[in-house]
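**Student:** When you get a sec, could you give me coordinates for this:
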Amino acid sequence: MQFSNPYRIDRRPGLYVALICAGAGVAAGADGNWPRWRGPNDNAVVEQALPVAWSDTSNVVWKAALPGRGCSTPVVWDGKIVLTAPVDGRDGVLRWKTNLQDRFGPDALVWDIGTSPALTEKDVVVNVMNGTNSHLAAFDRATGVAHWSVPRNYACAFETDQGYTTPIVLPFAGRESLLVWNAEHLTVHDAADGATLWDCGGLNPEARSNWPPVSSPVILGDTVVVPYGRGKLLHGLRLAGRGDVTGKALLWSRNDTGSYVPTPLAYKGKVFLLRDRSEVDCIDPATGRTEWTGLFEKNATAFYASPVIAGGRTIRSRALCRTPARRVTSRTAWSSATCRCVP
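**Tutor:** Numbering: from 1, shown residues only. This next block holds a predicted model:
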């Protein structure tokens, strides 16, 4: 799919997809696969324990040079790792493509497209959160034929309709559905045709501008926790009822914590927030109360990558810094520096 900002300089002339045989050190879902951004269950949790420290010589099964620097999340499927990196004049085997700007208009996003595709049973779904011309669109996984697209536009404050979140596939009302967060509204759509099944607005009560949704929501049972407002707001909503549930679904709200870029973790009945400046909050999703808080080591750079839990430990990375692992069981959790990211 093609979606680029015509005013942004693009120094990536080609996109190279590499397939590398995976060793025994790769852990993912029950079948060993990690098919998309936050894993097979969209929760970024791996039950298997992974090493909490590694170096050039320890806890490394193998390593291979990459053809370029990539920013997307690798996926694992059938013993292979699939990743993307820019390479001059080289392309992978192209199955199909579609130009989202031709279909839905020029890219108006300040930070360019950041959403990841979501795979349903039949389609690959893209959330084009492009200001006043936003759409949810589904394409056949094998052929790229457009199955459906529905507009998703709301009157809202400036930049709050420019989103970077990723849809979540979930069962709702007895059918495969999609949970979408953007433009001050959390919505559920039928995966078969995009029809809106559930809609909750009112999540920016003071109509604050310049609050683009970046961090995606997380689900625990029938509760959805939605971070918002550049890390200043956090909402808990009940996934119940049908139609417009604005004013009915909200369980609690907070204006003193949240997550701007990293998506929270939902793990063992709790929600873990990794805030931009090293803070960690453990939240009770039923009440919104903070169970405990912690702090990773301070650094000049903010956290942007979303954390992963593996074997009860959080693993998170920060640009050009160290990647620590930390237990998530109590306030007295420990952390240990493990490696340095090399550009």
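
**Student:** switch to C-alpha atoms for all contacts and neighbour counts from now on
**Tutor:** Will do.

**Student:** Which residue ranges of the stretch 51-200 of the chain form helices?
**Tutor:** 100-104 (DSSP state H, counting those that start in this stretch).

**Student:** those strands in it, which residues are they?
**Tutor:** All strands of the stretch 51-200 of the chain, identified by DSSP state E, counting those that start in this stretch, fall at 75-77, 80-86, 118-119, 123-128, 135-140, 146-151, 168-172, 175-182, 185-190, 196-200.

**Student:** Now tell me which of these the model trusts least on average.
**Tutor:** With a mean of 73, strand 80-86 has the lowest mean pLDDT of the strands of the stretch 51-200 of the chain.

**Student:** ok, that one: who's next to it in the sheet?
**Tutor:** With DSSP bridges as the test, strand 80-86 is paired with strand 15-21 (antiparallel), strand 75-77 (antiparallel).

**Student:** and those strands, which one is worst for confidence?
**Tutor:** strand 15-21 (a mean of 36).

**Student:** helix or strand right after that one?
**Tutor:** Sequence-wise, the next helix or strand downstream of strand 15-21 (DSSP states H and E) is strand 45-46.

**Student:** Which elements pack onto that next one?
**Tutor:** strand 308-310 (3 or more C-alpha pairs under 8 Å, 6 or more residues apart in numbering; DSSP states H and E).

**Student:** circling back to that earlier point, could you dump the strands of the stretch 51-200 of the chain to a markdown table with distance to Leu274 and mean neighbour count?
**Tutor:** Listed next are the strands of the stretch 51-200 of the chain as a markdown table, based on distance: least, C-alpha to C-alpha, whole Å; neighbours: other C-alpha atoms under 10 Å:
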| stretch | distance to Leu274 | mean neighbour count |
| --- | --- | --- |
| strand 75-77 | 23 | 19 |
| strand 80-86 | 25 | 18 |
| strand 118-119 | 23 | 20 |
| strand 123-128 | 24 | 24 |
| strand 135-140 | 28 | 21 |
| strand 146-151 | 32 | 16 |
| strand 168-172 | 20 | 19 |
| strand 175-182 | 19 | 23 |
| strand 185-190 | 21 | 22 |
| strand 196-200 | 25 | 20 |
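
**Student:** Relative to Thr293, which of those is closest?
**Tutor:** Thr293 lies closest to strand 175-182 among these, at 26.1 Å (C-alpha to C-alpha).

**Student:** Now do the closest one: everything it contacts.
**Tutor:** Contact with strand 175-182 is made by 120, 127, 129, 160-163, 165-171, 186-192, 212-213, 216-217, as judged by C-alpha atoms under 8 Å, 6 or more residues apart in numbering.

**Student:** quick one: strands adjacent to that strand?
**Tutor:** Here, using DSSP bridges, strand 175-182 pairs with strand 168-172 (antiparallel), strand 185-190 (antiparallel).

**Student:** right, so of those strands, which gets closest to Ala207?
**Tutor:** In terms of C-alpha to C-alpha, the element of these nearest to Ala207 is strand 185-190, at 12.4 Å.

**Student:** Can I get the closest one in CSV? Just the C-alpha atoms.
**Tutor:** Listed next in CSV are the C-alpha coordinates belonging to strand 185-190 (Å, rounded to 0.1, in the frame of the first residue of the first chain):
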residue,chain,number,x,y,z
HIS,A,185,-14.4,8.4,19.3
LEU,A,186,-14.0,4.8,20.1
THR,A,187,-15.9,2.6,17.7
VAL,A,188,-16.6,-1.0,16.9
HIS,A,189,-17.2,-2.1,13.2
ASP,A,190,-18.5,-5.3,11.6
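
**Student:** now the angle from that strand to strand 196-200?
**Tutor:** 160 degrees (axes from the mean of the first three to the mean of the last three C-alpha atoms, to 10 degrees).

**Student:** now strand 185-190: how far from the chain's centre is it?
**Tutor:** Relative to its parent chain, strand 185-190 has a centroid offset of 16 Å by C-alpha atoms, centre = their mean, to the nearest Å.

**Student:** Check stretch 162-180 too.
**Tutor:** 12 Å.

**Student:** Check the contact between Gly114 and Gln162; I expect there is one.
**Tutor:** No - counting by C-alpha atoms under 8 Å, Gln162 is not a contact partner of Gly114; they are 10.3 Å apart.

**Student:** So the two - more neighbours on which side?
**Tutor:** Gln162 (27 against 16; other C-alpha atoms under 10 Å).

**Student:** got a pLDDT number for that one?
**Tutor:** pLDDT, Gln162: 87.

**Student:** picking that back up, export the strands paired with strand 175-182 to CSV and tack on distance to Leu250?
**Tutor:** Formatted as CSV, the strands paired with strand 175-182 follow (distance: least, C-alpha to C-alpha, whole Å):
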stretch, distance to Leu250
strand 168-172, 18
strand 185-190, 11
